[in-house]
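Novice: Sequence unavailable; structure follows:
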């Protein structure tokens, strides 16, 4: 999860988020080089004869400042298109979960099981125990097996919501009457926090998301226990 005064992204917990962080660093380096070049040119124009009309009207310079931006755009576009393709690709998910946004909580339904579903409400501040996080804890977590492709069907019952978990690189809008889908693979065990990222009303900031990734054998035991309680 995020830490106070943190700079940069949360630690990646999925392959897609790792790709997003690499793409961010790649693009940031390009921006840094462009900024350095522009600063050098401005400084040179002020302190040298670079403003000579024969230099500014040079055909070679016009060719360079036309071709160079095109090359830079290609260097940014190709990796971004690759990541967009990876984010949209859903191949043979091991588990499908339907996440429904409500004012103001989330409900989850494990579609591969019969009668396995629950509502997930925020734990109020006065009910928190030591070690829990304010505005981020829920009474029921969405539990998934790690290292397994998970598909999430996202929708809403009333208004627009958004199911977002930064550590997994996921942000999917929940639209009433429409079923959006996303997929992820969690590469390590842990608890990952998210929040609704669409302004959905007065209690918009009080509908957090908790996803817990556990080994497959533990997930099977958890699902059996939940089915027995249902």
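Specialist: Nice, I can see it. None of the values given here were measured: they were computed from a predicted structure.

Novice: who touches the spatially most central residue of the chain in this structure?
Specialist: Using C-alpha atoms, centre = their mean, the residue of the chain that lies closest to the mean C-alpha position is residue 169, 2.5 Å off. Neighbouring residues of residue 169 by C-beta atoms under 8 Å, 6 or more residues apart in numbering: 12, 14, 16, 17, 19, 20, 87, 184. Every C-beta, even on glycine, is put in place using the N, C-alpha and C of the backbone.

Novice: The last one and residue 41: what is the separation?
Specialist: It refers to residue 184. Distance of residue 184 to residue 41, given as C-beta to C-beta, to the nearest Å: 44 Å.

Novice: Which residue of the two possesses the greater neighbour count?
Specialist: Comparing residue 184 with residue 41 by other C-beta atoms under 10 Å, the one with more neighbours is residue 184, at 26 against 11.

Novice: Surely that one touches residue 168?
Specialist: Yes - with contact defined as C-beta atoms under 8 Å, residue 184 reaches residue 168; the gap is 5.0 Å.

Novice: thinking residue 122 is in contact with residue 209, fair?
Specialist: No - using C-beta under 8 Å, residue 122 makes no contact with residue 209, being 9.9 Å away.

Novice: lowest average confidence, helix or strand, in this protein?
Specialist: Least confident helix or strand, the chain: helix 53-56 with a mean of 56, by mean pLDDT, DSSP states H and E.

Novice: average pLDDT for stretch 124-136?
Specialist: Mean pLDDT, computed over stretch 124-136, is 91.

Novice: Equivalent analysis for stretch 93-103, please.
Specialist: Mean predicted confidence for stretch 93-103 is 94.
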